[in-house]
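Generate coordinates for the sequence data below:
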Amino acid sequence: MEIPPKSPDGSEKSPQSKELLTSNTASTLCISSRSESVWTSASRSKWDIYHKPVIVVSVGAAVFLFGIVITSLSCIQIKNKDVYKLCGPAFLSLGLMLLVCGLVWIPIIRKKQKQRQKSQFLQSLRSFFFNR
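Sure, this is the predicted structure:
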């Protein structure tokens, strides 16, 4: 009788059985999924949902106010007047753009949340009636 060769680490298991034991593709697929799916149904707080648009709105408001200050300095200050006249409107427009983008983003998130709630409700109804 032949004795099967031992693996390099000294264990008696064959390489194929080791590979089968350490294979965890299903859990890897669930973890690496970027989109929200059925497996991640934990409820999120309001801050988790709205923190990005709130940050964009607050940064936009700060930049917009900074642009107002610089633009008003161009009216008062005599020294470096051309620099203030160039930078003031740039900060005004950038701040206004961020402010508007954040303010539009909030209703979009609300609409998505309502659609997600409706689809989860419909999926639960569908599973209730068709899985009997």
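
Output the contacting helices and strands for the lengthiest helix in the chain.
Ranked by residue count and defined by DSSP state H, the top helix of the chain is helix 81-130. Packing contacts for helix 81-130, counted by 3 or more CB pairs under 8 Å, 6 or more residues apart in numbering; DSSP states H and E, involve helix 46-76. All C-beta spots, glycine's among them, are computed from the backbone N, C-alpha and C.

which parts of the helix it packs on are buried?
50, 53, 56-57, 60-61, 63-64, 66-67, 70-71, 73-74 (16 or more other CB atoms under 10 Å).

Stretch 75-92 now?
Applying 16+ other CB under 10 Å to stretch 75-92 flags 84, 87-88, 91-92 as buried.

which one in the residues you listed is the model shakiest on?
pLDDT across the buried residues of stretch 75-92 is lowest for Y84, at 83.

which residues touch the closest residue in space to it that isn't next to it in sequence?
Distances taken as CB to CB, 6 or more residues apart in numbering put S74 closest to Y84, at 3.5 Å, once the chain neighbours are dropped. Residues in contact with S74 (CB atoms under 8 Å, 6 or more residues apart in numbering) are 81, 84-85, 88.

what does D48 give?
Counting by CB under 8 Å, 6+ apart, D48 has no contacts.

what's the spacing between it and V54?
According to CB to CB, to the nearest Å, D48 stands 11 Å off from V54.

Could you do S119 as well?
Counting by CB to CB, the gap from S119 to V54 is 25 Å.

swap in V100?
For V100, the distance to V54 - CB to CB - is 14 Å.

again, but for K118
Taking CB to CB, one finds K118 at 25 Å from V54.

these two touch, right, G88 and F66?
No. G88 is beyond contact range of F66, at 9.0 Å (criterion: CB atoms under 8 Å).
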